[in-house]
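Peer 1: sharing a sequence plus its predicted fold:
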Amino acid sequence: MPQIRPAQLADIGAIGDVYAELFAHMHTLQPGYYLQARQDEGFIQTMIESDQTALFVADKDSQILGFIIVQQQKTPPYNCITPHDFAYIIDLVVTKSARGMGVGKQLMQAAQEWSQVRKLDYIELGVLSNNLGAIALYEQLGFEHSTSIMRKTLK
């Protein structure tokens, strides 16, 4: 089983490699919207260094098998919305070779513990509607559908 630990600046390259795998998968799922790319290393560094985010990696034998980025946020200041401090999962990625081994669950547990220490009200995330494997994982972990984003292509 991999060790879940906070990311270090030395992990940026490996995290970038895992991001490239994510972006390729997203491109496969929705090619008209997502491109195959690499994540900007400055973004990864910011996520590691920010006091409002945590970036945890799943490390096995010095190989990054996945990561999760969780960020503390506040609900928008609309009169009709109950104010909450909550955790938002920016990204959860497990390499294809490590899927089905419980790595995603371990990473989500780390994010949940981080959120509980901060006394946040709930955890929220977004997922592509056709990423059925991810949706199944989130439902298994107790996540419920809350809102939907709809898109109509004009070209």
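Peer 2: Perfect, I can see it now.
Peer 1: report all helices and strands that the top helix by length along the chain contacts.
Peer 2: Across the chain, the longest stretch assigned as helix under DSSP state H is helix 12-29. The helices and strands touching helix 12-29, judged by 3 or more Cβ pairs under 8 Å, 6 or more residues apart in numbering; DSSP states H and E, are helix 41-49, strand 53-60, strand 63-74, strand 85-94. (Each C-beta comes from the backbone N, C-alpha and C, glycine too.)
Peer 1: if you set the cut-off to 7 Å instead, what comes out?
Peer 2: helix 41-49, strand 63-74, strand 85-94 (3 or more Cβ pairs under 7 Å, 6 or more residues apart in numbering; DSSP states H and E).
Peer 1: I'd like the ones you listed laid out as CSV, including mean pLDDT.
Peer 2: Conversion of these to CSV gives the following (pLDDT from 0 to 100):
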stretch, mean pLDDT
helix 41-49, 98
strand 63-74, 98
strand 85-94, 97
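Peer 1: quick one: which of these is nearest residue 33?
Peer 2: Each of these was scored for nearness to residue 33 using Cβ to Cβ, and the closest is strand 85-94 (16.3 Å).
Peer 1: got the CA positions of the following helix or strand past that closest one in CSV?
Peer 2: Where DSSP states H and E defines the elements, the next helix or strand beyond strand 85-94 is helix 103-117. What follows is the C-alpha trace of helix 103-117 in CSV, where atoms were taken according to Å, rounded to 0.1, in the frame of the first residue of the first chain:
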residue,chain,number,x,y,z
VAL,A,103,-5.4,4.7,-3.6
GLY,A,104,-8.3,7.0,-4.4
LYS,A,105,-10.0,6.1,-1.1
GLN,A,106,-6.8,6.7,0.8
LEU,A,107,-6.3,10.1,-0.8
MET,A,108,-9.9,11.1,-0.1
GLN,A,109,-9.5,10.0,3.5
ALA,A,110,-6.5,12.4,3.8
ALA,A,111,-8.5,15.2,2.4
GLN,A,112,-11.4,14.4,4.7
GLU,A,113,-9.1,14.4,7.8
TRP,A,114,-7.5,17.7,6.6
SER,A,115,-11.1,19.2,6.3
GLN,A,116,-12.2,17.9,9.7
VAL,A,117,-9.1,19.4,11.4
